[in-house]
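Peer 1: Show me how the following folds:
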Amino acid sequence: MIVPAFYFDGQSSRRFSVTLEVRDGIAVVQGDTHRECPLDELRVSERLRRAPRKVTFPDGAYLEILDLNAFNVLLSRSGHVDPLVVRVQQSWRGALIAALATVVNLVFSYLIGLPAASRALAQAMPEQFQRRIGQETLAFLDRRMLAPSALSSAQQKAITDRFNKLLTTTREMPAYDIVFRRSRIGPNAFAVSSGQIVLTDEIVKLADDEDAVMGIL
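Peer 2: Residues are numbered from 1 along each chain as shown. Model (predicted):
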């Protein structure tokens with residue numbers, strides 16, 4: 001089968017009118033110029049609906065195919081098979097399956113893969129490194145969002161002592177220290193990885209009950 005095409009040498013803008021055919025595994029270009037090349041050294045562009053297809057030679061020269069239907073038949077007869085991605089793009093069923101697979105993969109990664117990876121990373125992280133992260137986190141918050149506590153020493157001691165009594169019944173509990181601070185963003189309480197629980201004056205005043213504060217801790 002002979003397919004009409006334009007040949008560009010890759011060195012100039014000149015266009016040559018040629019034909020392309022395949023003889024015993026060799027691509028033969030004839031017309032305004034003549035050239036032969038083994039099929040396995042050629043690169044065929046992806047198939048699109050309306051855009052012309054290109055056949056590129058090793059040195060950068062290329063053919064611009066004019067008759068796409070005839071070219072598809074030529075490719076089929078010569079044993080050329082488009083890559084899987086290209087075949088999927090040409091099929092609405094394949095595109096739909098690929099889209100669904102992408103959604104499933106994203107959901108699976110978010111609900112199962114990401115938590116599993118986070119747990120594995122947390123367990124593999126050395127305790128010393130975790131404490132260093134917590135200390136630097138607290139130092140950053142002290143510079144930006146927190147201030148020294150205004151609670152009396154007696155009130156801080158009463159809260160700390162009662163909290164420590166709660167921990168004596170659970171031996172596996174890590175060692176926690178309560179850090180009292182005033183907050184610029186309102187009532188809050190949170191723990192950092194260095195084993196410190198930040199308890200703000202504002203949440204103590206909001207709770208207005210030592211039992212409630214223990215519940216928060």
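
Peer 1: In this structure, where is pLDDT below threshold?
Peer 2: Applying pLDDT under 70 to the chain picks out residues 48-50, 81-92, 94, 168-174.

Peer 1: Now do the helices in it.
Peer 2: For the chain, the helices defined by DSSP state H occupy 68-77, 84-89, 92-108, 114-124, 127-144, 153-167, 201-207, 210-216.

Peer 1: orientation of the fourth one relative to helix 127-144 in degrees?
Peer 2: Looking back up the chat, that one is helix 114-124. Using axes from the mean of the first three to the mean of the last three C-alpha atoms, to 10 degrees, the inter-axis angle of helix 114-124 relative to helix 127-144 is 110 degrees.

Peer 1: Just give me the neighbour total for residue 77.
Peer 2: 10 (other C-beta atoms under 10 Å). Where C-beta positions appear, they are placed from N, C-alpha and C, glycine not excepted.

Peer 1: my read: it touches residue 23, true?
Peer 2: No. Between residue 77 and residue 23 there is no contact under C-beta atoms under 8 Å: 11.8 Å.

Peer 1: hang on, the earlier thing: Throw the helices of the chain into TSV and include distance to residue 192, thanks.
Peer 2: Output for the helices of the chain, formatted as TSV (distance: least, C-beta to C-beta, whole Å):
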stretch	distance to residue 192
helix 68-77	63
helix 84-89	47
helix 92-108	31
helix 114-124	14
helix 127-144	4
helix 153-167	16
helix 201-207	16
helix 210-216	16
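
Peer 1: And the residue nearest the centre of the protein?
Peer 2: Central residue of the chain (C-alpha atoms, centre = their mean): residue 106, 9.6 Å from the mean position.

Peer 1: ok, it to residue 114 distance?
Peer 2: As judged by C-beta to C-beta, to the nearest Å, residue 106 and residue 114 stand 10 Å apart.

Peer 1: now residue 30
Peer 2: Residue 30 sits 59 Å away from residue 114, going by C-beta to C-beta.

Peer 1: Looking at the two, which one has more neighbours?
Peer 2: Taking neighbours as other C-beta under 10 Å, residue 30 and residue 114 compare with residue 30 leading, 14 against 11.
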